[in-house]
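Colleague: My questions are about this predicted structure, shown below with the sequence.
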Amino acid sequence: MVEVFKKLDPALVDEIAANPNEYTPSWGVKFIAPNYKYIDIPFKSDISKEKHAPGFIAKRLDFDNFLVSKLNPKYATFWQNTELKEVLPVDGGHVLHLKKDGKEITVFAKLVIGAEGDRSIIGKKLGGIKMEPEHYCAGIRAYYTGVEGMHPQNYIELHFLDELLPGYFWIFPMPNGGANIGAGILSKSASKKKVNLREGMLKIIAENPQIAPRFANAKLEGKIQGWGLPLGSKKRPLSGNGFLLTGDAGSLIDPFTGEGIGNAMICGR
């Protein structure tokens, strides 16, 4: 994400770095094996040369709002409260059936870009994207406060625990003493092992000998939420006659880390 912003406009990174209430700078990643041995990997080998951190952690709502705030009305007309209901190919383009402010309308477009995430209608209808359990990850996320033992340089943590393989439990430090806590596992394996991801994550937090002590004074903020993660572990067409797919709509999530925002930003640019 940071590298894309640098290419678009370095001032975007300056703005993010100047807002510690919404963005936590992160300098690396910690991989923890099932036997609890770990390795710290910095994003940059010499941080003294860096003006800002190579990565930032934020709530998705805040980051999406930041991106929307940068839309240039000279080039883009932004419709809120609008849902795509159907897309139909026609001569020279596509007809989009939309629901805007509760009213049904249609729009013609020569080119459509599917950027609606995992449940992309454009990806399904035009790109033939479908849910494949062997190339799909189930994930849940919760926000906590009071989680202890964070890395001094705010490394994100990926815990590869036996009960979640092939998948992992994560801890991401966030602003104001918060943390993004979650778990993900390959859908095919979750079905085979009959894994209840929510129960599994809460059990790890309550009972894992390495993790539970860090949550002794932690508090859940809001609800535990789940979503599907379409993995880029299979080659798929990302474009066709009058359409392009980006981000999750094109199943571009990294199959190893489960991260999708960086790939989506690169693809979007």
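Modeller: Sure thing, it's come through.

Colleague: contacting residues around residue 102?
Modeller: residue 81 (C-beta atoms under 8 Å, 6 or more residues apart in numbering). Where C-beta positions appear, they are placed from N, C-alpha and C, glycine not excepted.

Colleague: give me phi/psi at the residue lying farthest from the centre of the chain?
Modeller: Most distant from the centre of the chain: residue 91, at 35.4 Å, with distances by C-alpha atoms, centre = their mean. Dihedral angles of residue 91 (phi, psi; degrees, to the nearest 10) stand at phi -60, psi 120.

Colleague: can you check the one 3 residues further on too?
Modeller: When quoted as degrees, to the nearest 10, the phi and psi of residue 94 stand at phi -140, psi 150.

Colleague: who's it bridged to?
Modeller: Residue 94 has the following beta-bridge partners by DSSP bridges: residue 89, residue 109.

Colleague: oh, and call the first residue 12 from now on, that's how I've got it
Modeller: Sure, I'll start counting at 12 from here, so that last one is residue 105.

Colleague: how deep is it tucked in, by neighbour count?
Modeller: 20 (other C-beta atoms under 10 Å).

Colleague: any idea how far residue 124 is from it?
Modeller: Relative to residue 124, residue 105 is positioned 11 Å away (C-beta to C-beta, to the nearest Å).

Colleague: Quick check: which helices or strands does whichever strand in the chain runs longest pack against?
Modeller: In the chain, assigned by DSSP state E, the strand with the most residues is strand 230-241. Identification of packing neighbours for strand 230-241 by 3 or more C-beta pairs under 8 Å, 6 or more residues apart in numbering; DSSP states H and E yields strand 147-156, helix 208-218.

Colleague: sorry, back to before: please enumerate the shared neighbours of residue 105 and residue 124.
Modeller: Shared contacts of residue 105 and residue 124, defined by C-beta under 8 Å, 6+ apart, are found at residue 254.
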